[in-house]
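Undergrad: quick one: sequence and predicted model below, then my questions.
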Amino acid sequence: MKRILKLSVLLFLVMIVCSGCEGDVTRAIRHEGFAIGDEEIVCEPFFREENRELIKYITGDRIITSNGTIYELSLGQKYSSNSHCRIADTNLKVVAMFDDRIFKAEDGNLYSLTGQNNGGDYKQITSSDNGLALYELLLKPNDVVKAQTADSSNGIYYVLKTDGNVYAVSIAKANYNAPPTIVGSVIVYGKEAYGENIVDFNYAGDSGATFVRTYNKVYRMKASNFEQCSKYVDIKCEYQMMEAPMFEEQKDYIAAYNGSLIVTTYKKYFTLAS
């Protein structure tokens, strides 16, 4: 009887300590500029105690696991399974992504992550799609991990490669009927500047949603003179990429991050405040 009582007290203390940790993490995330969501996420594959799926990328409505498996996500209304997620109806595995809507699969072909141009989800991109030549330039090389539009009007795209650098790639056409070609490439976020290989990024201009993530740290776009520029109309905000220590300090509690969304291991999600 005494042993059972001791175990009950110990379990109660552990629950209190864990609850306190979660409260500290929540406060740290909110201090970073994120607002907490209304409810807990129900998605068993990513929160179970054993054999938990690891998240590599999370978009507005898709989760890509570390092995390329696609899950569909609905943070609002649940699916009929009473879950906020479900595994996608496809055997395709994601190898590289462009703008969270096009991906290269293990078979080397390109597919739509979400329905577009009258096509459904996970449909192969064919020559009938006017963007195919651009997608192939960005995703076909074997060293490409992720690509994103930076300035479409000037043909500039950011590309993360397996060497741990993010490149600003310039794409242009010799004339209207000519195919697009790469005319320039420079490192825009380099591993030398961040101390180790970059493993993920997002570009959204001068916004807190712009970030670079290495194996151990996250750097976010922030206004270095925030107190002044947020107070005075005649002072322009000066943005620069700055280290966000919260992500390293709380990394054991952060299951996913994409610049504007954070999902924690204790089933809460946070969105970037406007």
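TA: Great, that's in hand. Residues are numbered from 1 along each chain as shown.
Undergrad: in stretch 47-60, which residues are buried?
TA: For stretch 47-60, a neighbour-count test (16 or more other Cβ atoms under 10 Å) marks 47, 53, 55-59 as buried. The C-beta positions use only the backbone N, C-alpha and C, and glycine is treated the same way.
Undergrad: tell me the secondary structure at residue 40.
TA: coil (DSSP: H, G, I helix; E, B strand; the rest coil).
Undergrad: who are the neighbours in contact with it?
TA: Contact partners of residue 40, counting by Cβ atoms under 8 Å, 6 or more residues apart in numbering, are 267-268.
Undergrad: so it versus residue 74, what's the distance?
TA: Remark: distance between residue 40 and residue 74 (Cβ to Cβ, to the nearest Å) = 14 Å.
Undergrad: can you pull the residues that touch both of these two?
TA: With the criterion set as Cβ under 8 Å, 6+ apart, the contacts of residue 40 and residue 74 do not overlap.
Undergrad: what does the pLDDT read for residue 5?
TA: For residue 5, the pLDDT comes out at 42.
Undergrad: can you tell me which of the buried residues of stretch 47-60 are in strands?
TA: Mapping the buried residues of stretch 47-60 onto strands (DSSP state E) picks out 55-58.
Undergrad: farthest pair within these?
TA: For these, the farthest-apart pair by Cβ to Cβ is 56 and 58; their separation is 8.4 Å.
Undergrad: what do those two both touch?
TA: residue 64.
Undergrad: list the buried residues of stretch 147-164.
TA: Within stretch 147-164, the residues that count as buried by 16+ other Cβ under 10 Å are 147-148, 150, 155-161, 164.
Undergrad: return the member of the residues you listed nearest to residue 67.
TA: Closest approach between the buried residues of stretch 147-164 and residue 67, by Cβ to Cβ: residue 160, at 18.4 Å.
Undergrad: hang on, the closest one in a strand?
TA: Yes. Assessed with three-state DSSP, residue 160 lies in a strand.
Undergrad: my read is that it contacts residue 203, right?
TA: No. With contact defined as Cβ atoms under 8 Å, residue 160 does not reach residue 203; the gap is 10.4 Å.
Undergrad: point out where the stretch 101-250 of the chain drops to low pLDDT.
TA: Applying pLDDT under 70 to the stretch 101-250 of the chain picks out residues 116-119.
Undergrad: what are the ranges of the helices in it?
TA: For the stretch 101-250 of the chain, applying DSSP state H, counting those that start in this stretch gives helices covering 132-139, 191-194, 226-229, 245-249.
Undergrad: okay, these, which one's buried deepest?
TA: Of all the helices of the stretch 101-250 of the chain, helix 132-139 carries the top mean neighbour count, a mean of 19, counting by mean count of other Cβ atoms under 10 Å.
Undergrad: residues making contact with that one?
TA: Outside helix 132-139, the residues touching it (Cβ under 8 Å, 6+ apart) are 96-98, 102-104, 110, 125-126, 129, 144, 147, 157, 159, 169, 171, 179-182.
Undergrad: mind redoing it with 7 Å?
TA: Identification of contacts with helix 132-139 by Cβ atoms under 7 Å, 6 or more residues apart in numbering yields 96, 98, 102, 104, 110, 125-126, 144, 147, 157, 159, 171, 179-180, 182.
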